[in-house]
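Visitor: Build me a structure from this.
(2 chains)
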There are 2 protein chains.
Amino acid sequence: MTDLARSTGAASAAFVAVDWGTSSFRSWLMSAAGEAIAESRGGEGILHCIGSGFAPVLRDHLARLGAPDGMPVLICGMAGARQGWREAPYLKTPTRLEALHEGTIRIDAPGDIRILPGIAQARADRPDVMRGEETQLLGVTEPDFTGLVCIPGTHSKWIRIEQGHVIEFSTHMTGELFSVISQHSILAHAVETDGPSAADNEPFREGLAAALAAPSGLTALLFRLRAAQLLGFEQRADGAARLSGLLIGTEIADVLHRHGARPLRLIGAGQLGRLYEAALKAQGFDVIVADAEEASRLGLAKAAIDIWGAQF
Amino acid sequence: MTDLARSTGAASAAFVAVDWGTSSFRSWLMSAAGEAIAESRGGEGILHCIGSGFAPVLRDHLARLGAPDGMPVLICGMAGARQGWREAPYLKTPTRLEALHEGTIRIDAPGDIRILPGIAQARADRPDVMRGEETQLLGVTEPDFTGLVCIPGTHSKWIRIEQGHVIEFSTHMTGELFSVISQHSILAHAVETDGPSAADNEPFREGLAAALAAPSGLTALLFRLRAAQLLGFEQRADGAARLSGLLIGTEIADVLHRHGARPLRLIGAGQLGRLYEAALKAQGFDVIVADAEEASRLGLAKAAIDIWGAQF
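Guide: Numbering: from 1, shown residues only, chains lettered A, B, ... in the order given. Here you go, the predicted structure:
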């Protein structure tokens, strides 16, 4: 437990916010104003809990946070998936972010424990799902926001929002493709994955430019990475950065093609977030960056205040 | 050894043609007119030979073919790679196919054993290499051929030929992406790879159409395959065919974008060749299909006759 109250003053606790993902658990003791007073985190994501149960993990963290018995708890993320604690059915696009809390489901247990829903794009031509990101969207947008939100990662998400409504979104397997291609394909010989995998350096920018210039060419650009090394145009040490540039460039080219360069909120973390920021600014996007964890906490706070605010 | 002479009449043997790839060895006893009289094949690709040596493998197959001592041998494929028997340096694009035999290197051994060169596109902006396919190209094109050649596979190759000259080419990692994505990514849950992986059925054609409609969208189309199953739009049993359609469609969309639908020789084998044939015809390509193995043998025969024809 980290006692955040020392820095924020001794605000009194009103609820607990939990971001419960596939492989991580993060919780915060929150004030009625939406400030974090204390936090407790661990590796007990839902993969961990499927065997051992969800309630004991939550109970443990509530104790570490020093949360009083019966304090309301609001959860977002994979805990609400079918294979999670209890399924919180998806809201369907188009949907208003401010109405997210109306889709919470309640856990059948003492106290008031709720899980926020994910959002599904239930269209046969563009099916897609999110769970956890919808809470970050709520956290980083104003009620009348119009523009795009980008959440880079293993499965990058791009969300088009009009006047606070999620209109449509797409998930790009960019990070996962980096991982499987660099580990399991012939490019494993051309990419040093134990080195820094993604620096905003010349090979990264060249990969980005190559993909932006040939948005349909990914299957060929990948082989060219290896051929460039065979023919002595490039070093193996540059392979990871170039591969990263090719994949992120293909993702951005597709989004540019669909949406153009609109006002953009980038929910990033660490080096990957900075790579996307540089790449998106270079393509003319007007980027405002938000921290991923803070976005989740803010979204949980907004929804909690909508649910229980009158009681606080 | 298969004695092909029975069906072709007792033509007398003039040379031996060998297609020596990464994981396979195929050889034919050939007549002066370029007809196969007998064949001998095995799994002794260069990966096998790197440890145990190349000469003994060849000797063994020559004996099985009943080739007389000192008969000329012409080899194409990975045996001429840096890690092969002896490196046959790449010819550089643009290059005339009829001149391929001028790039052979001779093995320092009794008799006359030669290896045909590969072709490199030694351009920093589009580096690419082939080794083995150049011989197939020679086999399936006339000296004045103008058009495209497609060689589908793990690494599909597309070659633009003008008046018998290889002008440029690109290698697409289509088959390998199918393999790593279906085995190692989250889509492993959405694709039954032990089932028929690529049938010209409705899910394949839908995948193809989706990729052709969104040529830059591969990273998102892949995730959508999984989302479609989560949301009940599609069955897991259809995953492999759809994935195959998405990847082949992305490859074809890129080629269409670069070259348009030109006269096309398709060097195919088996089910994959038929899938490409159907997909390419549907996109307006004027397709003539050639068998992959026959293309290699024909190319070897043309080159051998250019080298030794006068002696036969």
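Visitor: is it true that residue A:251 touches residue A:156?
Guide: Yes. Judged on CB atoms under 8 Å, residue A:251 makes contact with residue A:156 at a distance of 6.0 Å. In this view, the C-beta of every residue, glycine as well, is placed from N, C-alpha and C.
Visitor: OK, now which residue of the stretch 1-150 of chain A is nearest to chain B?
Guide: In the stretch 1-150 of chain A, the residue found nearest to chain B is residue A:127; the distance is 4.2 Å by CB to the nearest CB.
Visitor: Just the pLDDT at the nearest residue to residue A:23 once chain neighbours are set aside, thanks.
Guide: Take residue A:23 and drop its neighbours on the chain: the residue closest to it by CB to CB, 6 or more residues apart in numbering or on different chains is residue A:45, 3.8 Å away. Model confidence at residue A:45, expressed as pLDDT, equals 95.
Visitor: and residue A:45, how many neighbours?
Guide: 20 (other CB atoms under 10 Å in any protein chain shown).
Visitor: Could you do residue A:33 as well?
Guide: Using other CB under 10 Å, residue A:33 has 11 other residues around it.
Visitor: try the one 10 residues further on
Guide: Other residues within reach of residue A:43 by the criterion other CB under 10 Å amount to 9.
Visitor: cool, residue A:78 as well?
Guide: 24.
Visitor: cool, residue A:19 as well?
Guide: Applying other CB under 10 Å, we find 25 residues neighbouring residue A:19.
Visitor: Bridge partners for it, pull those for me.
Guide: Legend: beta-bridge partners of residue A:19 under DSSP bridges are residue A:26, residue A:76.
Visitor: quick one: it and residue A:295 touch, right?
Guide: No. Taking CB under 8 Å as the contact criterion, residue A:19 and residue A:295 are not neighbours in contact, 9.8 Å apart.
Visitor: Need the residues touching each of those two.
Guide: Shared contacts of residue A:19 and residue A:295 (CB atoms under 8 Å, 6 or more residues apart in numbering or on different chains): residue A:135.
Visitor: Mean pLDDT per element in chain A, and the minimum belongs to which helix or strand?
Guide: Least confident element among the helices and strands of chain A, by mean pLDDT, DSSP states H and E: helix A:5-8 (a mean of 47).
Visitor: and the closest residue to residue A:216 other than its chain neighbours, which of the three is it?
Guide: In space, residue A:216 comes closest to residue B:215 once its chain neighbours are excluded; the distance is 3.5 Å by CB to CB, 6+ apart. When states are read from DSSP: H, G, I helix; E, B strand; the rest coil, the local structure at residue B:215 comes out as coil.
Visitor: And the pLDDT at residue B:215?
Guide: At residue B:215, pLDDT is 95.
Visitor: tell me, how many neighbours does it end up with?
Guide: Residue neighbour count, defined by other CB under 10 Å, stands at 22 for residue B:215.
Visitor: and it, what are its phi and psi?
Guide: As for residue B:215, its main-chain torsions (degrees, to the nearest 10) stand at phi -60, psi -20.
Visitor: check contacts around it.
Guide: Contact criterion CB under 8 Å, 6+ apart gives A:215-216, B:250, B:253-254, B:257 as the residues in contact with residue B:215.
Visitor: what does residue A:12 give?
Guide: So residue A:12 contacts A:31-32 (CB under 8 Å, 6+ apart).
Visitor: Quick check: the gap between it and residue A:124.
Guide: As defined by CB to CB, to the nearest Å, residue A:12 lies at a distance of 50 Å from residue A:124.
Visitor: same check, this time on residue A:13
Guide: Counting by CB to CB, the separation of residue A:13 from residue A:124 is 46 Å.
Visitor: of those two, who's got more company?
Guide: A count of neighbours by other CB under 10 Å puts residue A:13 above the other of residue A:13 and residue A:124, at 19 against 11.
Visitor: Tell me what that one is bridged to.
Guide: Beta-bridge pairing for residue A:13 (DSSP bridges): residue A:31.
Visitor: Now do it against residue A:27, distance only.
Guide: Per CB to CB, residue A:13 is found 12 Å from residue A:27.
Visitor: which residues does residue A:115 contact?
Guide: By CB under 8 Å, 6+ apart, residue A:115 lies in contact with A:74-76, A:79-80, A:84-86, A:88, A:104-105, A:107.
Visitor: Now do the contacts for residue A:223.
Guide: Each residue near residue A:223 by CB under 8 Å, 6+ apart is listed here: B:128, B:155, B:170-173.
Visitor: Checking it next. Helix, strand or coil?
Guide: Applying three-state DSSP to residue A:223 yields a three-state assignment of helix.
Visitor: what residues does the stretch 51-200 of chain A put near chain B?
Guide: If contacts are counted using CB under 8 Å from any CB of the partner chain, the residues of the stretch 51-200 of chain A sitting beside chain B are A:120-122, A:124, A:126-129, A:155-156, A:170-174, A:176-177, A:180-181, A:183-186.
Visitor: Now that we have these, which of them are buried?
Guide: The neighbour count (16 or more other CB atoms under 10 Å in any protein chain shown) marks A:120-122, A:126-129, A:155-156, A:170-174, A:176-177, A:180-181, A:184-185 as buried among those.
Visitor: what are the ranges of the helices in chain A?
Guide: Listed from the start of the chain, chain A has helices (DSSP state H) covering A:5-8, A:46-52, A:55-65, A:133-140, A:174-184, A:202-213, A:218-230, A:239-259, A:270-282, A:292-308.
Visitor: Buried ones in the longest one, by neighbour count?
Guide: For helix A:239-259, the neighbour count (16+ other CB under 10 Å) marks A:239-256, A:258-259 as buried.
Visitor: chain center to that helix, what's the gap?
Guide: Distance, stretch centre to chain centre, for helix A:239-259: 18 Å (CA atoms, centre = their mean, to the nearest Å).
Visitor: Number of residues surrounding residue A:125?
Guide: 11.
Visitor: isn't residue A:261 right next to residue A:281, touching?
Guide: No. In terms of CB under 8 Å, residue A:261 does not count as a neighbour of residue A:281; the distance is 9.8 Å.
Visitor: which sections of chain A are below the confidence cut-off?
Guide: Across chain A, residues meeting the criterion (pLDDT under 70) sit at A:1-10, A:194-198.
Visitor: Give the residue farthest from the middle of it.
Guide: Most distant from the centre of chain A: residue A:231, at 39.0 Å, with distances by CA atoms, centre = their mean.
Visitor: what about the nearest residue to it once chain neighbours are set aside, distance to residue B:93?
Guide: Among residues not flanking residue A:231 along the chain, residue B:127 sits closest, at 4.9 Å (CB to CB, 6+ apart). As judged by CB to CB, residue B:127 and residue B:93 stand 11 Å apart.
Visitor: Common neighbours of these two, please.
Guide: Contacts common to residue B:127 and residue B:93, judged by CB under 8 Å, 6+ apart, are B:120-121.
Visitor: and residue A:71, how many neighbours?
Guide: Here the number of neighbours of residue A:71 (other CB under 10 Å) works out to 19.
Visitor: can you pull the contacts of it?
Guide: Going by CB under 8 Å, 6+ apart, the list of residues near residue A:71 reads A:13-16, A:62, A:111.
Visitor: Buried only: go through the residues you listed for me.
Guide: Those of the contacts of residue A:71 that meet the buried threshold are A:13-16, A:62, by 16+ other CB under 10 Å.
Visitor: Tell me the one of the residues you listed nearest residue A:98?
Guide: Proximity of these to residue A:98 (CB to CB) peaks at residue A:15, which lies at 18.2 Å.
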